[in-house]
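Participant: The sequence and its predicted three-dimensional model are supplied below.
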Amino acid sequence: MATRSQAQLTLAGARIALAAAEAHARNMGLGMNIAVVDASTHLLAFGRMEGAKITSLGIAMDKAFTAAGHKVGTHNYKEAVWPGGAAYGINHSNGGRFMTVGGGLPIKDAARNVVGGIGASTGTPTQDQEVVQAGVDALEKVLREEAKGTGPKAKL
């Protein structure tokens, strides 16, 4: 087979994840920069909340880029990037865009294929991680419902 079809994250899907992540950040009392990218790491949606740090705009986008492109959460690199670690120096790859701190997660469809990524920045890595997890959870809930035929048709 020379080609294959795969699910694509749409703007509607990105907005579901973004809205849930923003709501969670508000509940935590934080203003965040939140980025959602597709599986090809291209930006689909971005939110800059009141109080978010200007210097974390690119960080949020790079966390989403890393999570989608490498297909794992950015927090997975915490121990591996120190001198002597298995991934030491990886943060210099991809034009310096590869992020190794928490706050970036891949977004997976109902079949568990990576269809995008979400990244947040302004809080601590743990707070950023909590915010993006809320976005992933909200979108994955919609996707599970759609796969069962019980949810809204907010196409990926």
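Facilitator: Looks like it arrived, so ask away.

Participant: The closest residue in space to Leu18 that isn't next to it in sequence: what's it in contact with?
Facilitator: Leaving aside its sequence neighbours, Leu18 sits nearest to Ala45 (C-beta to C-beta, 6 or more residues apart in numbering; 4.7 Å). Any C-beta I mention is one placed from the backbone N, CA and C, and that applies to glycine too. The neighbours of Ala45, taking C-beta atoms under 8 Å, 6 or more residues apart in numbering as the test, are 11, 14-15, 17-18, 35-36.

Participant: So what pairs up with the residue most central in space within the chain in the strands?
Facilitator: Central residue of the chain (C-alpha atoms, centre = their mean): Ile118, 1.4 Å from the mean position. Taking DSSP bridges as the rule, Ile118 bridges to Val36, Leu105.

Participant: closest to Ile54 among the contacts of Ala45?
Facilitator: Ala35 (14.4 Å; C-beta to C-beta).

Participant: Isn't the closest one up against Arg48?
Facilitator: No - contact criterion C-beta atoms under 8 Å: Ala35 and Arg48 do not qualify, at 9.6 Å.

Participant: So between those two, which is more surrounded?
Facilitator: The neighbour comparison of Ala35 against Arg48 (other C-beta atoms under 10 Å) goes to Ala35, with 30 against 17.

Participant: what comes up buried for stretch 5-16?
Facilitator: The neighbour-count check on stretch 5-16 (16 or more other C-beta atoms under 10 Å) flags 7, 9-10, 13-16 as buried.

Participant: show me where pLDDT drops low in the chain?
Facilitator: 82, 151-156 (pLDDT under 70).

Participant: quick one, helices of it?
Facilitator: Assigned helices in the chain, in chain order: 11-27, 57-70, 125-148 (criterion: DSSP state H).
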